[in-house]
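In: Sequence and computational prediction follow.
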Amino acid sequence: MHQHSPRLLPLVGLILAMFLWGSSFVAMKLAMQEYHPMVIIFSRMGVASLAFLFFLPRFQKIRIRRQDRHLFVIMAMSEPCLYFFFEALALQNTSAAQASLITTMLPLLITIASVFFLGERASKQTLIGLFLAMGGAILLSLGGSPTLLAPAPLLGNSYEFMSMLCATVYTITIKRLTAFYPALFLTAIQAWIGALFFAPFLALPQVPLPQAFLMVPVTAIFYLGLAVTLIAYSLYNYSLAHMEASKSSIFITLIPLFTLLLSRLLFHESFTALQYLGGFTIFLGVIISQDLWRSGKRNTVTKHDLSLNQEGEK
């Protein structure tokens, strides 16, 4: 089934998805200057949920298998529910650029998880890269000094790492589900469950509701709902259906590059020398972990992927 798909489309889809995800940190920061994080997250889920209603006629033909129901719950709870919860806490305490750099650890986490759940192997380079990236993340956090946009960098970066753990669970689950369900359908399920999950938070007394519709935060919310949630997740899920999890995960390292560029343009954010060292160490760890110089390893397909493809064709 997947062999006939153009190989270029998943790559282009991943790059575009990474750009949109990189911009999401900046969009969240812009919206959070006026609105509470829970209001923003619910609103972006609500915007995406309404947009997906146009695809209901197409989704009505899809039947969820009984043995996959628990996977749908795990998928939605890991991302968007817990992922966005931790990310909102992260962006309240750290800068958009620092939070995006923590995402470079995700390829390593996915690779490790793939060993246990997707039948892939972890080389020595993967383990070395994992420890390098973790050390770089620590340097990045310790090198941050409190600012107006990042009052507690260490705490915020810790929350962002928790969201990366959620994203790892999400990626492994999606890899299984895309063998049987369309990427657009899976993204719609995420949006609908996410909207229901975050709706009760609006009733909390510490969550002030918007008193006015301001242009910048409202535009940012619509961008998060349509571009980042609907389009980016659909592109990522589509690409993941046509590539191995460990191969697609390397593209996640593009996120901080896009975020850093946008943060410099909009927030004039800058790094200390220790943070530059931490960021470089993270990238070095990711490159080593992926074993990029051995094309043979990168082109291998796991037995688990082959079995998923065969089942999907049936």
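Out: Arrived safely, thanks for sending. Remember, predicted model here, so these are calculated numbers, not experimental data.

In: so Q190 sits right up against S78, yeah?
Out: No - the criterion here is CB atoms under 8 Å, and Q190 misses it with S78 at 9.8 Å. For glycine as for every other residue, the C-beta is placed from the backbone atoms N, C-alpha and C.

In: Counting neighbours around each, name which of these two comes out higher.
Out: Per other CB atoms under 10 Å, whichever of Q190 and S78 has more neighbours is Q190, with 29 against 22.

In: residues touching that one, list them.
Out: If you count contacts by CB atoms under 8 Å, 6 or more residues apart in numbering, Q190 has them with 75-76, 79-80, 229, 233.

In: and if you look at V47?
Out: By CB under 8 Å, 6+ apart, the contact list for V47 reads 221-222, 224-226, 229.

In: what's the burial count for the closest residue to Y35 other than its chain neighbours?
Out: Spatially, and ignoring its direct neighbours in sequence, Y35 is nearest to P217 (5.1 Å; CB to CB, 6 or more residues apart in numbering). Neighbourhood size, P217 [other CB under 10 Å]: 21.

In: Now A232. Nearest residue, chain neighbours left out?
Out: Counting by CB to CB, 6+ apart, L20 is the residue found nearest to A232 once chain neighbours are left out, at 3.8 Å.

In: any idea how far the one you found lies from V115?
Out: 29 Å (CB to CB, to the nearest Å).

In: If you count surrounding residues, which of those two has more?
Out: Counted by other CB under 10 Å, L20 and V115 do not tie: L20 has more neighbours, with 23 against 13.

In: any idea of the pLDDT on L56?
Out: On the pLDDT scale, L56 is placed at 92.

In: how about the helix or strand hosting it as PDB, C-alpha atoms only?
Out: Assigned by DSSP states H and E, L56 falls within helix 56-59. C-alpha atoms of helix 56-59 as PDB (Å, rounded to 0.1, in the frame of the first residue of the first chain):
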ATOM      1  CA  LEU A  56     -18.100  14.200   8.600                       C
ATOM      2  CA  PRO A  57     -19.600  12.700   5.400                       C
ATOM      3  CA  ARG A  58     -16.300  11.100   4.600                       C
ATOM      4  CA  PHE A  59     -15.800   9.900   8.200                       C
END
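
In: can you pull the alpha-carbon coordinates of the following helix or strand past that helix into PDB?
Out: Once helix 56-59 ends, the next helix or strand along the chain (criterion: DSSP H and E) is helix 69-76. This file holds the C-alpha atoms of helix 69-76, laid out as PDB (Å, rounded to 0.1, in the frame of the first residue of the first chain):
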ATOM      1  CA  ARG A  69     -10.400   1.600  21.000                       C
ATOM      2  CA  HIS A  70      -7.800   1.800  23.700                       C
ATOM      3  CA  LEU A  71      -5.200   3.100  21.200                       C
ATOM      4  CA  PHE A  72      -7.600   6.000  20.300                       C
ATOM      5  CA  VAL A  73      -7.800   6.900  24.000                       C
ATOM      6  CA  ILE A  74      -4.100   6.700  24.500                       C
ATOM      7  CA  MET A  75      -3.600   8.800  21.300                       C
ATOM      8  CA  ALA A  76      -5.900  11.600  22.400                       C
END
